[in-house]
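> Model the structure of this input:
(one chain, ligands or ions: 1)
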Amino acid sequence: EPLEVVSDQELRLQRQQYLGKGMSLQYKEPIRMVRGAGVFMLDQFGRKYLDTVNNVAHVGHEHPDVVRAGQAQMALLNTNSRYLHKNITAYAEALLATLPPELSVLHFVNSGSEANELALRMVKTATGHKDIIASEVGYHGNTNACAEISSYKFDGKGGSGAPEHTHIFPIPDAFRGKYRGADSGTAYAEEVKQIIGKLEKEGRRPAAFIIEPIISCGGQVELPEGFLKQAYGHVRQAGGLCISDEVQVGLGRMGKTFWGFQLHDVVPDIVTMGKPLGNGHPLAVVACTREVAEAFANGMEFFNTFGGNPVSCAIGAEVLRIVKDEGLQQNALQVGEYLKTELKKLAANHPVIGDVRGQGLFLGIELVTTDLQPLPEQATYLVNRMKEHGILMSIDGPDHNVLKIKPPLVFSKENADELLFYLGKILKEDFMLV
Ligand code: PMP
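Below you'll find the predicted structure:
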C-alpha cells in the first residue's frame, strides 16, 4: 500500500467525517495495521506488535488453514441454510462434541450480540416471563435487548440506568467488590436470591440469569468458588433458565476446561458463543437444551440470512480442528499458568499491582493504591509505554484500571517472557511508583 495515497492524518479525518462518534480508536497516536500473523500484528512500516489483546484471532492471526478453508468454500458456494449442505451439520456435530450431552441443539448467528439476543428471545418464549437477572458491569452486546441487560452500558457514560425488566446484582468481585475474599461466593449468590424474592413478592418470576464465567468488561473478574452453582440453584428453583455467555472466554481459552462454565461444575440451559469461533470471520452460535429448543420452536420460523452459511461453517470447523490438533487448550493452560505465576512475582515487587487473576490465557492485572483505590492513569501510561515497545495491551473494568491479557491461543512461553520483561521494565519507571 503506497503511503502517499492517504496519510494517517487523512484517514483520521475521514473517520471523523464518515463514522459515528461513538466508534473509538485506541491510543493517542492510533496504529495503522496492515497485516496479522500468528501472535503478531504489523503496521504500515512493517513494525511488529506482540498482540495480547485480540481474543478473536483465536488460533493466530490469518492462520493459513483457516484462510484456505474460507477461500475454498467461497469459490464453491455461499448461500443460506435452507438447502441441504454437509458443512452446517458437520460443524454442528463437531461443536456439540465439545459440550455436555444436555446441550444438544444449535442455532447459528453472526455475532455475540445476535447470539445473546436470540438467547433472550428463547428464554422469554420458553418461560413466558420477561425478567432477566444480570451482573453489575456485565456486557452482553450492542442490540437493544443486549444493551438492556448490560450494566456496563446503561450504568456507564451515556447510560440511563436499568430498564424495568433487568435486575442487577453486585459484581461478584472477591478483590474489591461488595463482599471480599475467596469465600464470598455464597454472599453474592444470596444477592441473586434476594432479587428473586423481590420479584416473587410482585408476582413475577425470572426468565433467566445471565453471566460470563469470568466477567470480562467488568475487569477480568473470576467468579468466587461456589457462586455460580448456588446462583443457578436459586434461579432454577424459581423456574428461571441459566445462560452462560462464553463469547469471550470459550473455545479452550480457560486452559483447564474447554468452556468457562465447566470451571464451575454447572450445566447451563443456554450457552452463547461468538468472537473466537470464526477466528475473525463473523460466526456465532447459541447452544441450548432440547427442552429449550422445543419450547422456542412454537410454530414461528427462525431464519437467519447469513447464520450457518457454508463458508462460515467451513471456517468454524477448521478453527475447531486447529484448536484440537495444535493442542491450544493445553497451550493456554501451560503458558497461562506460567504467565500468571510470573505476574504474581512481579506483583510481589511492585505494590501498584493489587491483584493478578484469571484462567488460562484470560488474565487480568489490577492496578491500585495500597488502600485499594483504582489507578487508571497508571494503567493508561503502562499500556502506552508497552505500545512503544511493540506490545499491544488493553484496559477494562469500571474504573479503567485492569490490564487485560487475552492473546491468540498460540501465545508461547517466549511471547510471555517478552511481555514480562517489558512489564518489569516499565513498572520501575517513576510514573508507576505510587
Ligand atoms: N458478550 C460478551 C461477553 C462480549 O464481550 C461481547 C463483545 N465484546 C458480546 C457479547 C457481543 O459480541 P459482538 O460484539 O460480537 O456482537
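> Roughly how far does the residue in the stretch 51-200 of the chain that the ligand sits nearest to sit from residue 292?
At 2.3 Å from the ligand, residue 112 is the closest residue in the stretch 51-200 of the chain, using Cβ to the nearest ligand atom. To be clear about C-beta, it is placed using only N, CA and C from the backbone, and glycine gets the same treatment. Residue 112 sits 19 Å away from residue 292, going by Cβ to Cβ, to the nearest Å.
> Same question for residue 44.
48 Å.
> The two: which has the busier surroundings?
Comparing residue 44 with residue 292 by other Cβ atoms under 10 Å, the one with more neighbours is residue 292, at 23 against 14.
> I'd guessed the more buried one sits against residue 121; true?
No - with contacts counted by Cβ atoms under 8 Å, residue 292 stays clear of residue 121, the gap being 10.9 Å.
> Surely residue 246 is in contact with residue 214?
No - here residue 246 does not reach residue 214: they are 10.1 Å apart, not a contact under Cβ under 8 Å.
> higher neighbour count, those two?
residue 246 (29 against 25).
> which ones are touching that one?
Residue 246 makes contacts with 212-213, 259-261, 271-273, as judged by Cβ atoms under 8 Å, 6 or more residues apart in numbering.
> Same question for residue 303.
By Cβ under 8 Å, 6+ apart, the contact set of residue 303 is 80, 82.
> In terms of helix, strand or coil, where does it fall?
coil (DSSP: H, G, I helix; E, B strand; the rest coil).
> Please determine how far it is located from the ligand.
Residue 303 is 19 Å from the ligand, where distance means Cβ to the nearest ligand atom, to the nearest Å.
> Grab the most central residue of the chain for me.
Closest to where the C-alpha atoms of the chain average out (Cα atoms, centre = their mean) is residue 248, at 1.9 Å.
> Skipping adjacent residues, who's closest to that residue in space?
residue 216 (4.5 Å; Cβ to Cβ, 6 or more residues apart in numbering).
> wait, doesn't the one you found sit right on residue 250?
No - if you go by Cβ under 8 Å, residue 216 and residue 250 don't touch, sitting 11.4 Å apart.
> Which pLDDT value goes with the closest residue to the ligand within the stretch 201-350 of the chain?
Nearest residue of the stretch 201-350 of the chain to the ligand: residue 247, at 3.6 Å (Cβ to the nearest ligand atom). pLDDT, the model's per-residue confidence, is 98 for residue 247.
> got the phi/psi numbers for it?
The phi/psi pair for residue 247 (degrees, to the nearest 10) reads phi -60, psi -40.
> circling back to that earlier point, counting neighbours, which of the contacts of residue 246 comes out on top?
Top of the contacts of residue 246 by neighbour count (other Cβ under 10 Å): residue 272, with 30 neighbours.
> Am I right that that residue falls within a strand?
Yes - assessed with three-state DSSP, residue 272 lies in a strand.
> Which residue comes closest to it once chain neighbours are left out?
residue 115 (3.9 Å).
> Go ahead and confirm the one you found touches residue 283.
No - if you go by Cβ under 8 Å, residue 115 and residue 283 don't touch, sitting 10.0 Å apart.
> Name the residue in the two with the higher neighbour count.
Taking other Cβ under 10 Å, residue 115 and residue 283 do not tie; residue 115 has more neighbours (32 against 28).
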